[in-house]
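K.L.:
sequence first, predicted model second:
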Amino acid sequence: MTLHENESLTELVEEARALLGACYQKDPSHLAAAPGRVNLIGEHIDYCDGLVLPLAIDRHIVIAATPNGSDKARIRSRKDSEVVLCLQSSPQPGAPSWANYLRGILEGFRLREIWPVPGFDAVITSDLPIGAGLSSSAALELAFASILESMVQTVLDPREKALLCQQAEHDFAGVPCGIMDQFACSLGQRDHLVLIDCQTHLTELVPFDSRDLSILVANTMVSHDLASGEYRKRREETDRALKLLGKQSWRHVLPADLEVIETYEDGTLFRRALHVVSEITRTKKAAKALRDKEYAVLGSLMSASHQSLRDDFEVSCPELDLMVELADQIGPAGGVLGSRMTGGGFGGSTVTLCHSERDHEISEHLSKAYEVQSGKSPQIFATRPAQGARLL
Ligand code: GLA
């Protein structure tokens, strides 16, 4: 079985109820779910004022909580031992590191004077793979922020909530991410992709409701780590390139402008810039292709995006390239429209657009061929655009 079935949201909720009962002998009074995300196109340009086109996926993190009458939050998951957070003072980053996302969200509420938060007990369940480039951290942030909203009876604007979560990731997890993940996990809608203008923070929901198309996510099982130096390095390189180009924003840069940086740093900055400028154009074209239901065009833009990320931006890895190459070999004749790495890269997952009637077959083939050639057993599943973070 290669096409992993989605553990339904209902099952995650039931599991959370049972876990809360077993750990804290209580029923939940607050329940929240937040999805992961997959980016169809527009990679590594959310921190360059670019346009990105992700979707929230039907894999979630669920939090079940109930007040405990104290000034502490006690939180645990299926695997992790209990974390106790004091709600009287400003939280500081610390161990265990996964709890830093929670500490950062609490700090975001405190800074916005949505405070104090009453003490509570909470448990976390999830069917979202961790370290697979599917934004499990953004999903955790958004689910936790939603629980806190419910606890303090305040409703944040979904954009504001996404920005609060991004800040938590910057300040408490040390990851200098852009806004794509938190926006997608917050603003996603069923049967829609979210076109995000990362310069203005405006979003457009682009329908993706054709039942003839499937989005396949293939986890290479190479764990990626955004806190590692390469992500930060790409941010620095693109900042440096923009300065040298003498422009305020990447949205003002034309391909012809890039000539002036051609010789800098052995051509590295030129190649980084070429990716940014071409990926912004590709994403605009992809959104148009999607609106016009020109799916073959969309697929070739995805393939071009992968090549640019592999050769010019250099954020792919042999396993991502292999998975994409295997999908490309199947090609349109076998039902594959386009395939590319998705997310931060250096591991994680690929996203493949294909015809639904062939998705099982494609997934079987990818899984077998990838395992033979890489020695790793991938996790492949079909997904559909799902609703963003919400209370249940
Ligand atoms: C990670 C970051 C995002 C974005 C992608 C690359 O997922 O969290 O902000 O930069 O990488 O597109």
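P.N.:
Alright, I've got the coordinates. Keep in mind the model is a prediction, meaning the values are calculated, not measured.

K.L.:
let's verify the residue nearest to residue 47 when sequence neighbours are not counted: helix, strand, or coil?
P.N.:
Excluding the flanking residues, the one nearest residue 47 by Cβ to Cβ, 6 or more residues apart in numbering is residue 178, at 3.9 Å. From N, CA and C alone the C-beta is placed, and that goes for glycine too. Assigned by DSSP: H, G, I helix; E, B strand; the rest coil, the conformation of residue 178 is coil.

K.L.:
isn't residue 178 up against residue 46?
P.N.:
Yes - between residue 178 and residue 46 there is a contact at 3.1 Å, judged by Cβ atoms under 8 Å.

K.L.:
who touches both of the two?
P.N.:
Shared contacts of residue 178 and residue 46 (Cβ atoms under 8 Å, 6 or more residues apart in numbering): residue 198.

K.L.:
neighbour count: those two, which is higher?
P.N.:
residue 46 (23 against 20; other Cβ atoms under 10 Å).

K.L.:
and the more buried one, what does it touch?
P.N.:
52, 177-180, 196, 198.

K.L.:
residues contacting the residue nearest to the spatial centre of the chain?
P.N.:
Central residue of the chain (Cα atoms, centre = their mean): residue 135, 3.4 Å from the mean position. Residue 135 sits next to 36-37, 181, 184-185, 343 when contact means Cβ under 8 Å, 6+ apart.

K.L.:
tell me which of the residues you listed fall in strands.
P.N.:
36-37 (DSSP state E).

K.L.:
also near the ligand: which of the contacts of residue 135, exactly?
P.N.:
181, 343 (Cβ under 6 Å from any ligand atom).

K.L.:
out of the contacts of residue 135, which two sit at the greatest distance?
P.N.:
185 and 343 (12.6 Å; Cβ to Cβ).

K.L.:
what is the single longest strand found in the chain packed up against?
P.N.:
Secondary structure of the chain per DSSP E: the longest strand is strand 51-67. Packing contacts for strand 51-67, counted by 3 or more Cβ pairs under 8 Å, 6 or more residues apart in numbering; DSSP states H and E, involve helix 9-24, strand 30-41, strand 120-126, helix 136-152, helix 180-187, strand 192-197, helix 268-291, strand 379-383.

K.L.:
and the pLDDT at the residue lying farthest from the centre of the chain?
P.N.:
Distance from the centre of the chain peaks at residue 69, with 34.7 Å (Cα atoms, centre = their mean). pLDDT, the model's per-residue confidence, is 97 for residue 69.
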